Structure formats: C-alpha cells, structure tokens
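**Q** just to be clear, the model below is a prediction. Sequence and coordinates:
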Amino acid sequence: MCTAPFSVVNSGSTNNKTTTGAGVGGSFLWPVLPKYLELSGMAITGKGIGRYSAGQLPDVIVAPDGSLRAVKEVAGMAGAVWHPWVGTDIYGYAGIEKEDANFYTAATRRPRRSAPGDRRGNSEEGP
C-alpha cells in the first residue's frame, strides 16, 4: 500500500489545500521455461495513484473552490518475453487503465461523476 499527500498553493492567498491518496497493488514475474519464456503481470487500484501506472494519468483534480479531490483508478498489465536464442528477446505486453470521470458543472459547482456503465454522458450527483 502506498499513500501520497497532494497539495496546491493559491498565489496571493494564505490558505493551502491538501488531500491524501492511497492504493494497493501487486506484480509477478514467472519464469515458465527458465532461460526461454517469462510471464509477468501487475495490478493496482486506489485513489490518487495515476502517476504509478504506465499512462501517467492525473492523481487529483482541482475543484472550483481550490480544494483537491483524489481520482479513483484501476490499472493492470500482462506480458510475455520469449528468448529463442542468446541475444534475442521477443516480447509483448497488454494493459488497461481506467479512472473515474470527475468534473464540476459551472451552474452548481458541485462535483459530478458518470454513472457506472453509462456511455451517453449522463451523470449522477457525486459526494
């Protein structure tokens, strides 16, 4: 598990905004056929962990009032490396990263999140 504080300083202001993110993950490297084939994988999930995955997605968003909100994310990757002869590596990797949608409406200045599985852009009120 990792935790990381995030903060923003408003220029010309005397207040700072801080929030905390945390996540949990794991990885493996399995020599299926030693010296010939290796399989690997990783998975991580949490809030504010965008920097720890391949896509370098954002850790936080800044609300209209200047407060910070950690973004939820899930990421995973799997791969294989084949060593057919000395000095040659043939490899392939695949992965996925997903962050929850986080945005604010101009009218209400309240956070909104997309409803799970909704691809039409409809939203539900967030906390």
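**A** Everything's here; your move. Numbers count the residues shown, from 1 in each chain.
**Q** can you give me the strands for this structure?
**A** With strands called from DSSP state E, the chain shows them at 2-9, 16-33, 37-47, 60-62, 68-70, 72-82, 90-99, 103-104, 111-114, 123-125.
**Q** quick one: contacts for Val32?
**A** When contacts are counted by Cβ atoms under 8 Å, 6 or more residues apart in numbering, Val32 touches 38-39. For the C-beta atoms, the positions are set from N, CA and C on the backbone; glycine is no exception.
**Q** next one: it relative to Gly21, how far apart?
**A** 35 Å (Cβ to Cβ, to the nearest Å).
**Q** in CSV, list the strands of the chain along with distance to Ser53 and mean pLDDT.
**A** As requested, the strands of the chain are exported to CSV (distance: least, Cβ to Cβ, whole Å; pLDDT from 0 to 100):
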stretch, distance to Ser53, mean pLDDT
strand 2-9, 12, 59
strand 16-33, 9, 91
strand 37-47, 6, 96
strand 60-62, 15, 85
strand 68-70, 14, 87
strand 72-82, 4, 95
strand 90-99, 5, 94
strand 103-104, 21, 70
strand 111-114, 20, 53
strand 123-125, 25, 43
